[in-house]
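# Fold the following for me, if possible:
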Amino acid sequence: MDVIHVLTSSKNYPVYLGSDILENLKDHLTGYSKLWIVTNTDLKERHLDTITNHLPNIETHIYIAPNGEKAKTFEIYQDCISFGMNHGMDRHSVVLAFGGGAIGDLAGFVAASYMRGIAFIQIPTTILAHDSAVGGKVGINHPLGKNMVGAFKQPELVIYDTQFLATLSIREKRSGFAEIIKHAFISDPQFLQELMNETKSLEDLAAIPLQKFLKKGIETKANIVKQDETENDIRAYLNFGHTLGHALEAAAGFGELTHGEAVMMGIVYALNLSKQIYPFAFPYESFISWLEGLGYRWKIPANCTFESILEWMVRDKKSVGNEPVFVLLQDIGRPIRQKVNQELLRKTLLDLQDKKKE
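Residues are numbered from 1 along each chain as shown. All right, here's what the predicted structure looks like:
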């Protein structure tokens, strides 16, 4: 088991990473009045018994949210808050976020706002959540933008049991692995090279050193969050690929594209912008070939007009003065925030657009 320590200005906490490590959970739940599990329909069928078998003898209530981004709506948020009130959750209760990124976002926001804040613990079950479970960003979507309503709320701890990753679909694996690739781009060319050399397929996770990659991704994020917990500066680097990615998610309708699918298109877009503004040596064709070998679609959907995508990008949280701000690369491992000329944005989007009719 690996232990990664996350140090922030508001709270320090451990991330436990390994297989079959849920037995550690019980020791961290003493002293709470009630347990409030927030999970989704898929996890209820697949793994709920696994976690309930590792709970102490404390009154427990389980809220089942819809799968995916459908959990991150005002309606579900209100329903979850009402669930807590109806079951007598108090300020000494703890929320257990048992699921992927969307469940962690919802449950964390519930914990941040219920009675002005109660404790919560992240128990991620996806590759994607290696990113979202760490760092304290929680929230829900608004019809006009992704993650526009939320808070910064650090968990008490993260227990990341990799046994749950074995049941992920190939689409979920690709979605999560996109965030690992993002962490490599913004942190370390050697990390990126290791990913490309050692990952030839995502079908069989046992065939790749996944825990090593997850640990490096979490350490990358923890190092940034330590310096900038509330995204006043360099934490924005973690949004590499996300300016376009969030716009594509919103334009398609939340849940139609997975987060990682959209972010991968955004990474390729940001990489192309970067190479035009900060020319640097990078084996672009080899990288694209590697992505295609892993099954990624990296071309921007043909039905996305530049005008509609720009409208979503302007609403991005990094925007300044109604102009989108991108995280670009001066080189691999050297991210920078940058406003980009609108004509270059348009030209690059059209160049990367899938010309096939959808």
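# All the helices of the stretch 251-358 of the chain, residue numbers only.
Along the stretch 251-358 of the chain, counting by DSSP state H, counting those that start in this stretch, helices occupy 259-277, 284-293, 306-314, 342-351.
# neighbouring contacts of the last one?
By Cβ atoms under 8 Å, 6 or more residues apart in numbering, the list of residues contacting helix 342-351 from outside reads 244, 269, 272-273, 276-277, 300, 304, 306, 309-310, 324. Every residue, glycine included, has its C-beta placed from N, CA and C.
# just stretch 283-302 next, same as before
170, 174, 177-178, 196, 199-202, 244, 248, 252, 261, 264-265, 268-269, 271, 275, 349, 352-358.
# where in the stretch 201-350 of the chain is pLDDT low?
Within the stretch 201-350 of the chain, the segments meeting pLDDT under 70 span 255.
# repeat that for 50
Scanning the stretch 201-350 of the chain for pLDDT under 50 picks out nothing.
# Ok, which of the helices of the stretch 251-358 of the chain comes nearest Lys11?
helix 259-277 (25.3 Å; Cβ to Cβ).
# how is this structure carved up into domains?
Domain ranges of the chain: 2-166, 169-351, per automatic domain parsing.
# and the end-to-end length of the shortest one?
Domain 2-166 has an end-to-end distance of 19 Å (Cα to Cα, to the nearest Å).
# pLDDT on that domain, on average?
For domain 2-166, the mean per-residue pLDDT is 96.
# and that domain, how far from the chain's centre?
Remark: domain 2-166 is offset 14 Å from the chain centroid, using Cα atoms, centre = their mean, to the nearest Å.
# ditto for stretch 167-179
Remark: stretch 167-179 is offset 11 Å from the chain centroid, using Cα atoms, centre = their mean.
# what does that stretch rub up against?
For stretch 167-179, the external contacting residues (Cβ under 8 Å, 6+ apart) are 46-47, 100, 126-131, 165, 199, 202-203, 205, 217, 241, 258-261, 263-264, 267, 294-296.
# rewinding a little: now the contacts of helix 342-351 as TSV including neighbour count and distance to Val95?
Below are the contacts of helix 342-351 laid out as TSV (neighbours: other Cβ atoms under 10 Å; distance: Cβ to Cβ, whole Å):
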residue	neighbour count	distance to Val95
Leu244	29	32
Tyr269	25	36
Asn272	18	41
Leu273	24	39
Gln276	14	45
Ile277	16	43
Ile300	23	37
Cys304	20	37
Phe306	17	41
Ile309	23	35
Leu310	16	37
Pro324	21	34
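# Farthest-apart pair in those, please.
Longest distance between any two of the contacts of helix 342-351 is 22.4 Å, between Ile277 and Cys304; criterion Cβ to Cβ.
# Surely Asn197 is in a strand?
No: under DSSP: H, G, I helix; E, B strand; the rest coil, Asn197 falls outside any strand and is assigned helix.
# For it, grab the count of nearby residues.
By other Cβ atoms under 10 Å, the residues close to Asn197 number 9.
# mind checking how far it is from Met1?
Distance, Asn197 to Met1, by Cβ to Cβ, to the nearest Å: 26 Å.
# nearest spatial neighbour of the spatially most central residue of the chain, skipping sequence neighbours?
Nearest residue to the geometric centre of the chain (Cα atoms, centre = their mean): Ser132, 3.9 Å. In space, and not counting its chain neighbours, Ser132 is closest to Gly101: 3.8 Å by Cβ to Cβ, 6 or more residues apart in numbering.
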